[in-house]
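K.L.:
give me coordinates for this.
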Amino acid sequence: MSRRQIIVAGGGAAGFFAAITAAETDPAAQVTLYEATAHPLAKVKVSGGGRCNVTHACFEPRELAKRYPRGGRELTGAFSRWQPRDTVAWFAARGVALKTEEDGRMFPVTDQSQTIVDCLEGAAARAGVRVVLHTGIKRVERVGPAALAGGEIDASGSARSAFRLALTTGETVSCDRLLLATGGNKSNAGFAVAAGLGHTIVPPVPSLFTFHVSDARLQELAGVSVGDAATAVRGTALRERGPLLITHWGLSGPAVLKISAWGARALHACGYRFTLLVNWAPSRNAETTRAALESARAANPKKQIGTWCPLGLPARLWEKLVVAAGIKVDAPWTTVPTAALRALAAQVCAGEFAVDGKSLFKEEFVTCGGVALAEVDFRTMESRLTPGLHFAGEMLDLDGVTGGFNFQAAWTTGWLAGRALAGP
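P.N.:
Next up, the predicted model:
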């Protein structure tokens with residue numbers, strides 16, 4: 001009986017994890033991973049600012065699943081089989097310790113993404129995975145015994161190969177089982193292959209992006225951050241709370257990235273032009289803020305309003321908000337009328353910012369969209385339409401918010417697929 005042939009298309013986090021798992025589960029199988037570029041694990045390399053946000057310290061499957069705007073229901077069961085605790089243990093067993101930061105994000109203790117890249121590539125090599133670069137998948141054909149050279153049948157009576165693949169190099173190869181893990185970019189060939197095998201592709205659109213905002217209140221403030229802010233999109237139920245970062249092009253940080261994930265399709269539909277509401281001091285509303293400002297005026301009447309913020313906001317941001325409220329920055333607190341304090345409270349708690357576009361989150365690219373989840377068995381990541389075909393990672397219509405959740409979905413779906421690829 002010939003060795004089982006397993007092919008993994010895609011050299012990202014999900015593809016590598018699946019290939020390693022399959023090879024370790026069935027050492028007798030021949031596992032080949034094809035990556036279309038010269039740079040496998042490219043997203044792992046750049047993630048987390050070059051530190052790699054491997055996963056998140058959320059160890060309860062139902063709570064973990066709540067961090068996924070799409071796919072949470074399906075992932076709840078999947079996380080009961082492989083979750084962040086398993087990911088931490090997997091890397092620890094291979095010599096890579098992870099640490100947890102205050103916000104729950106988990107990174108290698110080295111703070112170097114190369115540590116994770118080296119671990120995955122080393123594990124693949126030790127498991128006998130054959131990694132082929134500069135080689136993508138052009139077409140996949142489902143074939144039966146008669147269509148194969150010799151029509152060979154293995155001992156179980158199954159066709160020796162179930163798929164014939166045309167590669168971008170011009171070669172043709174065959175395999176028993178196939179995993180598509182080519183990512184979420186709408187231009188990737190994986191979606192065309194999946195559609196050709198009968199699958200529905202939910203059109204992919206960007207998720208996890210920053211907002212373009214041209215506003216005098218943000219000019220010259222790039223790099224200024226607020227540790228806790230509340231954001232909302234006018235006319236929708238979209239709202240988030242968390243750190244907010246002012247950039248050269250507008251606004252970023254978790255309070256923006258999370259809202260972009262939950263609102264990926266709605267914001268795409270409006271052409272990324274909408275009004276963002278910002279509360280820079282979310283523990284207060286406009287009325288309680290006005291009262292706090294009046295108390296500050298009474299307590300410090302001679303101080304200049306532009307140089308003393310009683311709300312704990314960054315000094316440069318506070319000065320911009322003071323000006324936006326029509327108040328001179330060198331005005332003593334005692335000279336500022338109550339109506340002006342009311343306008344300042346509105347700037348702090350109900351700022352309106354016109355968003356006129358988006359940017360990608362650094363070099364990372366996360367999408368929603370992909371293979372329709374109803375067409376996949378999340379116990380094995382196998383197609384419900386084409387036996388022997390599996391999916392993992394961003395090939396699927398699932399995505400998480402920022403914080404290590406997208407990588408955890410890659411590890412989980414990759415592990416489940418890998419086990420099934422090597423199974424009976």
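K.L.:
how far does stretch 132-147 sit from its chain's centre?
P.N.:
The offset between the C-alpha centroid of stretch 132-147 and the centroid of the whole chain comes to 29 Å, using CA atoms, centre = their mean, to the nearest Å.
K.L.:
give me the buried positions along stretch 213-223.
P.N.:
Of the residues in stretch 213-223, those buried by neighbour count under the rule 16 or more other CB atoms under 10 Å are Val213, Asp215, Arg217, Leu218, Leu221. Where C-beta positions appear, they are placed from N, C-alpha and C, glycine not excepted.
K.L.:
which residues sit against it?
P.N.:
When contacts are defined by CB atoms under 8 Å, 6 or more residues apart in numbering, stretch 213-223 is touched by residues 245-251, 276, 316-317, 320-321, 324, 347, 351, 353-356.
K.L.:
quick one on the thing from earlier: among the buried residues of stretch 213-223, which ones are in strands?
P.N.:
By the criterion of DSSP state E, membership of the buried residues of stretch 213-223 in strands covers Val213.
K.L.:
a markdown table for the buried residues of stretch 213-223, including distance to Trp411?
P.N.:
Shown next, in a markdown table, are these (distance: CB to CB, whole Å):
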| residue | distance to Trp411 |
| --- | --- |
| Val213 | 35 |
| Asp215 | 39 |
| Arg217 | 41 |
| Leu218 | 37 |
| Leu221 | 37 |
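K.L.:
and the buried residues of stretch 213-223, which is closest to Leu396?
P.N.:
Of all the buried residues of stretch 213-223, Leu396 sits closest to Val213, with 32.0 Å by CB to CB.
K.L.:
can you tell me the closest non-neighbouring residue to the closest one?
P.N.:
Spatial nearest neighbour of Val213, excluding adjacent residues (CB to CB, 6 or more residues apart in numbering): Gly250 at 3.5 Å.
K.L.:
ok, the one you found to Gly10 distance?
P.N.:
Gly250 sits 32 Å away from Gly10, taking CB to CB, to the nearest Å as the criterion.
K.L.:
more crowded one of those two?
P.N.:
It is Gly10, of Gly250 and Gly10, that has more neighbours when counted by other CB atoms under 10 Å, with 30 against 23.
K.L.:
and that one, what does it touch?
P.N.:
The contact partners of Gly10, taken as CB under 8 Å, 6+ apart, are Leu33, Tyr34, Glu35, Leu179, Leu180, Ala181, Thr182, Gly183, Gly190, Gly393, Met395.
K.L.:
those in helices, which ones?
P.N.:
Taking DSSP state H as the definition of helices, those contribute Gly190.
K.L.:
closest to Ala14 out of the contacts of Gly10?
P.N.:
Closest approach to Ala14 among the contacts of Gly10 (CB to CB): Gly393, at 2.9 Å.
K.L.:
got any ranges where the stretch 151-300 of the chain has weak pLDDT?
P.N.:
Within the stretch 151-300 of the chain, the ranges that satisfy pLDDT under 70 run 151-161, 186.
K.L.:
could you rerun that using 50?
P.N.:
By pLDDT under 50, the weakly predicted segments of the stretch 151-300 of the chain are 151-160.
K.L.:
all helices for it, in order.
P.N.:
189-196, 254-262, 264-269, 286-299 (DSSP state H, counting those that start in this stretch).
K.L.:
what do you get for the stretch 301-424 of the chain?
P.N.:
Assigned by DSSP H, counting those that start in this stretch, the helices in the stretch 301-424 of the chain fall at 315-324, 338-349, 405-421.
K.L.:
would you map out the domains in the protein?
P.N.:
According to the domain assignment given by automatic domain parsing, the chain is divided into the following structural domains: 5-205+367-421, 209-360.
K.L.:
name the nearest residue to Ala195, sequence neighbours excluded.
P.N.:
Nearest non-adjacent residue to Ala195 (CB to CB, 6+ apart): Ile201, at 5.3 Å.
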